[in-house]
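A.B. asks: here's a sequence, model it:
(one chain, ligands or ions: 2)
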Amino acid sequence: MKLMAVEAQKETLGFQAEVQQLLDLMIHSLYSNKEIFLRELISNASDAADMLRFEALKDDGLYEDEPELKIRVEYNKDNKTITVLDNGIGMSREDVVENLGTIAKSGTQEFFNSLTGDQNKDSQLIGQFGVGFYSSFIVAEKVEVTTRKAGAPRTEGVRWTSEGAGDYTIETVDRPKRGTKVVLHLREDATEFLDGFRLRHIIKKYSDHISLPIIMPSENTGNDESSDEARKGNGKEKASKLVTADETVNSATALWTRNKKDIKEEEYNEFYKHVGHDFEDPLAYVHTKVEGKLEYSSLLFIPSRAPFDLWDRQQRHGVKLYVKRVFIMDDAEQLVPAYLRFIRGVVDSDDLPLNVSREILQRNKTIDSIRSGMTRKILDLLAKMAKDDSEKYAKFWKAFGRVMKEGVIEEADKIEDLASLFRFSSTQEDKEEQTVSLMDYIERMPEDQEAIYYVIADNFSTAKNSPHLEIFRKKGIEVLLLSDPVDEWLTTHLTEYEGKPLQSVTKGELNLGKLDEDKEEASEKEDSKQSDELVDKIKKVLESKVKDVRVTNRLTQSPACLVADEHEMGRNLERILQASGQDVPMSKPILEINIDHPVVKKLAEAEGEQFDDWSHILFDQALLSEGGELEDPAGFVHRLNNMFMALDSSAKDD
Ligand code: ADP
Ligand code: MG
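C.D. replies: Ligands and ions are numbered 1, 2, ... in the order given. A predicted model of the protein is given here:
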């Protein structure tokens, strides 16, 4: 009892620090695009109606005496206010504090860490985060939200008020109607929006696709935002006059149910912003109606850029599931495979029960068919984009390529299709940007080349500068440069493409076959007794570190490199697994030495302790150049210093 009394009191609370930061950023970033505040408020009202419709499947008492869901937009020139009203799910006091006082999105911290503090630069990032409710403050100096949760008693209404600077107040109020009313007290520089024509235009432009009616009082009968109260208070006559004077501004049909050819591109774009909680246009979309044994519509979008929480396992806002036009759930992960988790949109099925739950979805044949149908559509859309609009595709790949590559793990049966969509860096261009398709690579292959070669390292420059590439560069053989973390998994699953094996240049004996015609004479020259002796000597010194030492045919400029045995998992993968805490022993590498290199020649002349030291240095530098970590860095430094000292004394001796 006591608690309730305290709660009913007016309370002033501070915004979570990030909210304030977001507010400032938003006001700065969206100043030239103020009108989107209305889109965001209507989008929230529509979500609230969806939520109510869904909850009411279990308890239709939630409709109270108002089963028709709608959104009202009103304005008042004298008070300089705009009001957006809905009869959706509403919010409890707790909901209000959580939703309007904090940012409950996963990945928020990472987003704020990525801000630079330079508002102009940071403005670019806001789209990644989505704008939402706080965009009210672009036009309002004060925002008042009055709300009551559906089903709660009228005494549990809540009023939230804020001027968007540091704090907000919250109080419990009497609220007969369920749902939410947002009143914006406009700033002096935003009074242009106190115009019925302008507001209608904005609603048409951004919110036409909203499936419930958006109502405005018609122009000649007044535009008093308090009509809500007037209707019930001031006599029947006035009320009915106001009701008949209402006018529905939008089309009020679910966009995906409409005929494709009647839908304009802008309508698709605005719908995307609503379902995707994004404020940029999508990169592409695909709208499908499937009829026959299985009936569903889907409208799927590829965003223009990666959301800030792409790598967050708990991210939400995926594809929304509707059953017979009723919203069922957000981000049903069964609807698209995880590697397509950046896809946004809706699917509306006629074949699922309205009471379908996440558990049911997990083992449901209808969902399986829908998922594979939609996956096919998306892969086809991407293949077409790659073919017709390479610039757009490059943008797509830059944003989502690393996620797409996960597909080879998830979908073994689509591996060839997926591989055709992949783009890589290669020695052809030596650029970090991934633009080379496997087909491009194959088309450039010399006739005698049998494999698709690649090198993997944990970053681009290590891959690009890998000593293993020297012979390939010399002979003009293209090698793919892989450095995304997922590439290790990619290459274990994608082992061939168009009949050509994918071959690591750091594994096994290098056999360039006919490509390496001068190899024969070279090795004859090199297979001398002398080099055999040197190899044996080094092997003895490095016994505990290497599996074998041999003369290389890969190197032209570096003295040595490490390779893994043909059937081992690869050294980079071993490092990744170890770093992730898995108990994989690092297998011993093979040291390959470049017998013609001056450093190796110098080593051959060394003796005793010096020979041992230099052999270790040779091994350690090969390890460093592939991005590995030294087991004994201090030992390395010590030996290096000894080498300097030896240099010094030999210089004096001269
Ligand atoms: P988003 O819509 O992306 O979740 P917003 O900033 O637009 O983010 O809204 C924040 C949250 O506030 C919503 O997720 C919702 O829980 C709540 N909310 C906002 N407007 C309403 C409303 N009209 N009715 C009920 N809840 C609302
Ligand atoms: Mg929103």
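
A.B. asks: how about the contacts made by D86?
C.D. replies: By Cβ atoms under 8 Å, 6 or more residues apart in numbering, the contact list for D86 reads 45-46, 48-49, 69-72, 179-181. In short, each C-beta sits where N, CA and C put it, glycine included.

A.B. asks: inside strands: which ones of these?
C.D. replies: If you go by DSSP state E, those have 71-72, 179-181 in strands.

A.B. asks: so which of the contacts of D86 is surrounded by the most neighbours?
C.D. replies: I71 (30 neighbours; other Cβ atoms under 10 Å).

A.B. asks: so that one touches A48, yeah?
C.D. replies: No. The pair I71 / A48 is not scored as a contact, 9.1 Å apart, by Cβ atoms under 8 Å.

A.B. asks: ok, V131 touching E40?
C.D. replies: Yes. V131 lies in contact with E40 (Cβ under 8 Å); the separation is 6.0 Å.

A.B. asks: ok so, going back, nearest to L647, of the ones in strands among the contacts of D86?
C.D. replies: Nearest to L647 among the ones in strands among the contacts of D86: T180, at 78.1 Å, using Cβ to Cβ.

A.B. asks: OK, contacts around the closest one?
C.D. replies: Contacts of T180 by Cβ under 8 Å, 6+ apart are 44-45, 48, 85-86, 88, 90-91, 145-147.

A.B. asks: list the ones among these that fall in strands.
C.D. replies: Those of these lying in strands (DSSP E): 85-86, 145-147.

A.B. asks: now, which of these lie close to ligand 1?
C.D. replies: D86 (Cβ under 6 Å from any ligand atom).

A.B. asks: which of the ones in strands among the contacts of T180 has the most neighbours?
C.D. replies: T147 (30 neighbours).

A.B. asks: how about that residue: what's its closest non-neighbour residue?
C.D. replies: Residue nearest to T147 in three dimensions, not counting chain neighbours: T180, with 4.1 Å by Cβ to Cβ, 6 or more residues apart in numbering.

A.B. asks: which strand residues bridge that neighbour?
C.D. replies: The partner list for T180 in beta bridges (DSSP bridges) reads D86, T147.

A.B. asks: so what pLDDT did it get?
C.D. replies: The model reports T180 with a pLDDT of 98.

A.B. asks: ok, which residues in the protein are in contact with ligand 1?
C.D. replies: Residues of the chain lying near ligand 1 (Cβ under 6 Å from any ligand atom): 40, 44-45, 47-48, 86, 88-91, 99, 130, 132-133, 180, 277.

A.B. asks: mind giving me the domain split of this structure?
C.D. replies: Here the domain parsing of the chain from automatic domain parsing is 3-248, 255-392, 404-514, 518-565+583-653.

A.B. asks: how far is the third one from where the chain is centred?
C.D. replies: Okay, so that is domain 404-514. Distance of domain 404-514 from its chain centroid, counting by Cα atoms, centre = their mean, to the nearest Å, is 24 Å.

A.B. asks: confirm that L115 sits in a helix.
C.D. replies: No. L115 is assigned coil when assessed by DSSP: H, G, I helix; E, B strand; the rest coil, not a helix.

A.B. asks: okay but it is in contact with L22, surely?
C.D. replies: No. Assessed by Cβ under 8 Å, L115 is found out of contact with L22, at 9.7 Å.

A.B. asks: which one's more surrounded, the two?
C.D. replies: Applying other Cβ under 10 Å to L115 and L22 shows that L22 carries more neighbours, namely 23 against 17.

A.B. asks: before we move on, back to that, ligand 1: which of the ones in strands among the contacts of T180 is nearest?
C.D. replies: When the ones in strands among the contacts of T180 are compared for distance to ligand 1 (Cβ to the nearest ligand atom), D86 wins out at 5.2 Å.

A.B. asks: distance of the closest one relative to D330?
C.D. replies: 18 Å (Cβ to Cβ, to the nearest Å).

A.B. asks: so D583, which of the three states?
C.D. replies: Going by three-state DSSP: D583 is coil.

A.B. asks: ok, it to G628 distance?
C.D. replies: 19 Å.

A.B. asks: more crowded one of these two?
C.D. replies: Between D583 and G628, counting by other Cβ under 10 Å, G628 is the more crowded of the two (20 against 6).

A.B. asks: wasn't that one part of a strand?
C.D. replies: No. Under three-state DSSP, G628 sits outside any strand and is assigned coil.

A.B. asks: K474 and T556 touch, don't they?
C.D. replies: Yes. K474 is within contact range of T556, at 5.1 Å (criterion: Cβ under 8 Å).

A.B. asks: those two: which is more packed in?
C.D. replies: Taking other Cβ under 10 Å, K474 and T556 do not tie; T556 has more neighbours (17 against 12).

A.B. asks: just the strands from the stretch 151-300 of the chain, written as ranges.
C.D. replies: 157-162, 167-173, 179-186, 214-217, 246-248, 284-290, 296-302 (DSSP state E, counting those that start in this stretch).

A.B. asks: nearest to ligand 2, out of the ones you listed?
C.D. replies: Among the strands of the stretch 151-300 of the chain, strand 179-186 comes nearest to ligand 2, with 11.6 Å by Cβ to the ion.

A.B. asks: now do the same contact list for the closest residue to A284 other than its chain neighbours.
C.D. replies: Nearest residue to A284 in three dimensions, chain neighbours excluded: I302, at 4.8 Å (Cβ to Cβ, 6+ apart). Counting by Cβ under 8 Å, 6+ apart, I302 makes contact with 282-285, 342-343, 378, 381-382, 396, 400.

A.B. asks: and which of these is nearest S615?
C.D. replies: Nearest member of these to S615, counting by Cβ to Cβ, is F400, at 46.5 Å.

A.B. asks: got the confidence number for the spatially closest residue to that closest one that is not a sequence neighbour?
C.D. replies: If the residues on either side of it in the chain are set aside, F400 comes closest to F342, at 5.3 Å by Cβ to Cβ, 6+ apart. Looking at F342, its pLDDT is 93.
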